[in-house]
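Peer 1: could you look at this predicted model? Sequence included:
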Amino acid sequence: MDKIREYKIIGRYMKDHLMQMLAVLIFSFIFMLIFYLYGIPIKIYGYAFLLCFAVGFVMTTISYWKYRSKHIALAGLFSRITVECNDLPPAGSLQEADYQEILLKLFHDTAQEKEQEERSKKDMMDYYTLWAHQIKTPITAMRLLIQVEDNARNQSLLQQLLKIERYVDMVLQYLRMENMSSDLKLQEYKILDLVRKAVKQDSSVFIYRKIPFELKEMDDTVITDEKWMVFVIEQILSNALKYTNEGKISVYMDPNERETLIIEDTGIGIQEEDLPRIFENGFTGYNGRMGKKSTGIGLYLCKKILDRLGHSIRVSSKVGQGTRIAINLYREQLKTE
């Protein structure tokens, strides 16, 4: 233990025992005054005073040592208090014992509440996961029924059905993100294959909306998790399609920046004041509120997933000109929490 901490403990001990020390000094002064008034030789009460001082010093040293040991024990317990609360030092007084009983009761009550909360959360997660999986069955059946007859009305219904399916996938990924670390399967993939797999999900939307899609050849590879990375690209492409009415959507590797995938559109763009907040959970921005198209979850999920994968994402945009999203695929460190 360093000297500064030792001095702090001594100072705190003196402050906590100030009244006792003052009482001893006052009593000593009173006795010395009485002995002096009665003419008792100074040697007699001098020896008595020295003897009392020696005994008092020993008792104070013992008291301080116990005080110091208890402080160190409590300081060591501080880091483990969230896990267990069974190693409290023995109470030195009735008041300390009362405080320890209150602390133990609060700790056990909090632990029970936390356990119940975790159980409720798990039950809710299991329910929503089951619901998301179950609802995919009627969605698939409806899609097959709609595709039987190819006409404008059915194409419109199919687009709405694809939106529902995407929202369900978003819910599933949101739920899975809690245990994402145990769900990762890192391998080396061709970026072009990942992009093509993501585009396949939106191919009918591109055709229906008549939005040109430009995918430039790329030979780059990335170490990542396929399903999570494809989901991120799908979300970004979906946003691009949602807010692009004319022009095109392009995907290519940045020629000026290492391992950076660019997804660029010529859509309505994002307000400058909204850019710092686009990755916040539930934030829809001006364009999202005006068109009532945004849930405020998509980009939030993309950012969280890419952070876990050790990648990064940046967005630049100009209103009326479009949005450029850059995903840096260079993985510095994989986050496990």
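Peer 2: Here it is on my side, so go on.
Peer 1: quick one: F279 and Y300 touch, right?
Peer 2: Yes. Counting by Cβ atoms under 8 Å, F279 sits close enough to Y300 to count as a contact (5.8 Å). For the C-beta atoms, the positions are set from N, CA and C on the backbone; glycine is no exception.
Peer 1: okay, and E6 sits in which element?
Peer 2: Under the criterion of DSSP states H and E, E6 resides in helix 3-16.
Peer 1: low pLDDT regions in the protein?
Peer 2: 1, 45, 74, 76-89, 91-95, 286-295, 331-337 (pLDDT under 70).
Peer 1: in it, which spans are helices?
Peer 2: When assigned using DSSP state H, the helices of the chain occupy the ranges 3-16, 18-37, 42-78, 94-147, 152-176, 180-183, 191-209, 226-242, 285-291, 298-309.
Peer 1: confirm for me that F213 is in contact with K248.
Peer 2: Yes. Counting by Cβ under 8 Å, K248 is a contact partner of F213 at 6.9 Å.
Peer 1: now do the contacts for the closest residue to I233 other than its chain neighbours.
Peer 2: With sequence-adjacent residues excluded and distances taken as Cβ to Cβ, 6 or more residues apart in numbering, I233 is closest to A198, at 3.8 Å. The contact partners of A198, taken as Cβ atoms under 8 Å, 6 or more residues apart in numbering, are 230, 233-234, 237.
Peer 1: now distance to L50 too, for these, in TSV please.
Peer 2: Converted to TSV, the contacts of A198 look like this (distance: Cβ to Cβ, whole Å):
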residue	distance to L50
V230	86
I233	86
E234	87
L237	90
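Peer 1: closest one of these to I223?
Peer 2: Relative to I223, the closest of these is V230; by Cβ to Cβ it sits at 14.8 Å.
Peer 1: and for that closest one, the neighbour number?
Peer 2: Residues near V230, counting by other Cβ atoms under 10 Å, number 21.
Peer 1: could you do I263 as well?
Peer 2: The local packing of I263 (other Cβ under 10 Å) involves 23 other residues.
Peer 1: check I313 too.
Peer 2: Count around I313 with other Cβ under 10 Å applied: 19.
Peer 1: how far away is it from R176?
Peer 2: 19 Å (Cβ to Cβ, to the nearest Å).
Peer 1: same thing with I270?
Peer 2: Relative to R176, I270 is positioned 28 Å away (criterion: Cβ to Cβ).
Peer 1: then L299?
Peer 2: Separation of L299 from R176 (Cβ to Cβ): 18 Å.
Peer 1: do V222 as well
Peer 2: Plainly put, V222 is 21 Å away from R176 if you go by Cβ to Cβ.
Peer 1: just R153 next, same as before
Peer 2: 35 Å.
Peer 1: who has more neighbours, these two?
Peer 2: Neighbour totals were compared for R153 and R176, and R176 leads with 18 against 9 (other Cβ under 10 Å).
Peer 1: for the closest residue to E165 other than its chain neighbours, what are its contacts?
Peer 2: Nearest residue to E165 in three dimensions, chain neighbours excluded: I139, at 5.3 Å (Cβ to Cβ, 6+ apart). Contact analysis of I139 by Cβ under 8 Å, 6+ apart lists 161, 164-165, 168.
Peer 1: how about these in CSV, adding distance to V319 and neighbour count?
Peer 2: What follows is the contacts of I139, written out as CSV (distance: Cβ to Cβ, whole Å; neighbours: other Cβ atoms under 10 Å):
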residue, distance to V319, neighbour count
L161, 31, 17
I164, 30, 12
E165, 30, 17
V168, 32, 16
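Peer 1: how about L261, nearest residue that isn't a chain neighbour?
Peer 2: Closest residue to L261 apart from its sequence neighbours, by Cβ to Cβ, 6+ apart: I327 at 4.5 Å.
Peer 1: and R258, by the same measure?
Peer 2: Counting by Cβ to Cβ, 6+ apart, the residue nearest R258 is Y330, at 6.0 Å.
Peer 1: now do S28
Peer 2: Spatially, and ignoring its direct neighbours in sequence, S28 is nearest to F49 (6.8 Å; Cβ to Cβ, 6+ apart).
Peer 1: from V24, how far off is the one you found?
Peer 2: Relative to V24, F49 is positioned 11 Å away (Cβ to Cβ).
Peer 1: for the nearest residue to Q201 once chain neighbours are set aside, give me its contacts.
Peer 2: Nearest non-adjacent residue to Q201, counting by Cβ to Cβ, 6+ apart: E234, 5.4 Å away. Contacts for E234 (Cβ under 8 Å, 6+ apart) come out as 166, 169, 198, 201-202.
Peer 1: just the buried ones from the residues you listed?
Peer 2: Buried by 16 or more other Cβ atoms under 10 Å: 166, 169, 198, 201-202, out of the contacts of E234.
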